[in-house]
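Colleague: Fold the following for me, if possible:
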Amino acid sequence: MSQPTLVIGNINWFRYASPQAFYPLAGAMIPWFAWAAALLCVAGLYVGFFVAPTDHQQGESYRIIFLHVPAAWMSMFIYLVMAFWAGVGLVFNTRLSGMMATALAPTGALFTFIALWTGALWGKPTWGAWWVWDARLTSELILLFLYFGFMALQAAIDEPRRADRAGAVLALVGVVNIPIIYFSVKWWNTLHQGASVSLTQAPTMAATMFAGMIVMAFGFWFYSIAAALMRARCIMLERERASDWAADYARGAA
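Modeller: The predicted structure follows:
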């Protein structure tokens with residue numbers, strides 16, 4: 001039986017499903033995404049803190065949204081991508097898929113923590129409390145525990161392929177929490193404000209506020225890609241260290 005191919009622009013993309021082929025490709029992409037992330041984050045922070053107008057209700061304290069909202073978006077998006085790769089690895093038993101899921105988890109946990117931390121900083125002047133057991137805050141905290149649980153479960157199993165399969169089951173079960181986070185402000189009476197940005201409605205904020213938030217979101221997105229690729233390359237070398245190609249790259253790095 002011939003090997004399936006996906007050819008776009010004269011490139012067989014299925015070739016990069018192999019860690020040996022993907023490793024140098026990831027190395028070539030990392031600088032581009034890292035520099036783009038740095039530039040976009042600087043631009044987004046500048047717009048958010050120096051260009052966007054002061055909110056007429058919350059004053060200057062609202063500017064935390066330029067970190068909080070993009071971080072919250074990325075915490076959910078990365079989990080979905082992680083669960084996707086974990087599911088692909090579980091169904092097709094592909095090595096690279098499990099490695100990508102493992103590489104994404106720490107970055108997802110980081111953004112979830114940032115979302116919770118900045119939410120607390122925003123909540124103190126807005127609600128008068130650092131934390132309330134609000135539906136969205138509680139479900140976001142559960143998301144952080146899901147990331148920690150995924151990483152802890154994989155670390156507890158010595159055999160990488162078994163660890164990938166166990167982590168995949170947990171990741172797929174945890175996907176149910178993502179719509180709960182997103183729709184919690186609609187389903188329950190919650191202190192957390194509704195979405196300011198929607199795919200079906202125009203944004204309810206000034207254009208400069210919206211621009212700064214979107215630029216920061218792209219900056220976080222590109223950072224996530226760069227960090228995940230760097231971590232995936234380390235995982236590849238560790239798991240494939242018995243292979244000739246991994247040994248060659250390891251010697252070259254040394």
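Colleague: Phi first, then psi, for residue 128.
Modeller: The phi/psi pair for residue 128 (degrees, to the nearest 10) reads phi 80, psi 10.
Colleague: quick one: it from residue 22, how far?
Modeller: 50 Å (Cβ to Cβ, to the nearest Å). In this view, the C-beta of every residue, glycine as well, is placed from N, C-alpha and C.
Colleague: who's more crowded, the two?
Modeller: residue 22 (20 against 8; other Cβ atoms under 10 Å).
Colleague: looking at it, that one is touching residue 95, isn't it?
Modeller: No: using Cβ atoms under 8 Å, residue 22 makes no contact with residue 95, being 10.0 Å away.
Colleague: Can you classify the residue lying closest to residue 29 once chain neighbours are set aside as helix, strand or coil?
Modeller: Closest residue to residue 29 apart from its sequence neighbours, by Cβ to Cβ, 6 or more residues apart in numbering: residue 229 at 6.0 Å. Following DSSP: H, G, I helix; E, B strand; the rest coil, residue 229 is assigned to helix.
Colleague: what's around residue 229, how many residues?
Modeller: 21.
Colleague: pretty sure it contacts residue 31?
Modeller: No: between residue 229 and residue 31 there is no contact under Cβ under 8 Å: 10.2 Å.
Colleague: for the helix or strand where residue 208 lies, packing partners?
Modeller: Assigned by DSSP states H and E, residue 208 belongs to helix 207-239. With contacts taken as 3 or more Cβ pairs under 8 Å, 6 or more residues apart in numbering; DSSP states H and E, helix 207-239 sits against helix 19-46, helix 65-92, helix 95-127, helix 244-253.
Colleague: CA atoms only: put stretch 230-239 into CSV for me.
Modeller: This file holds the C-alpha atoms of stretch 230-239, laid out as CSV (Å, rounded to 0.1, in the frame of the first residue of the first chain):
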residue,chain,number,x,y,z
MET,A,230,11.5,24.8,21.2
ARG,A,231,10.1,22.4,23.8
ALA,A,232,9.1,19.9,21.2
ARG,A,233,12.6,19.8,19.8
CYS,A,234,14.0,19.0,23.3
ILE,A,235,11.4,16.2,23.7
MET,A,236,12.3,14.8,20.3
LEU,A,237,16.0,14.6,21.2
GLU,A,238,15.2,13.0,24.5
ARG,A,239,12.8,10.4,23.2
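Colleague: Thanks a lot, see you next time.
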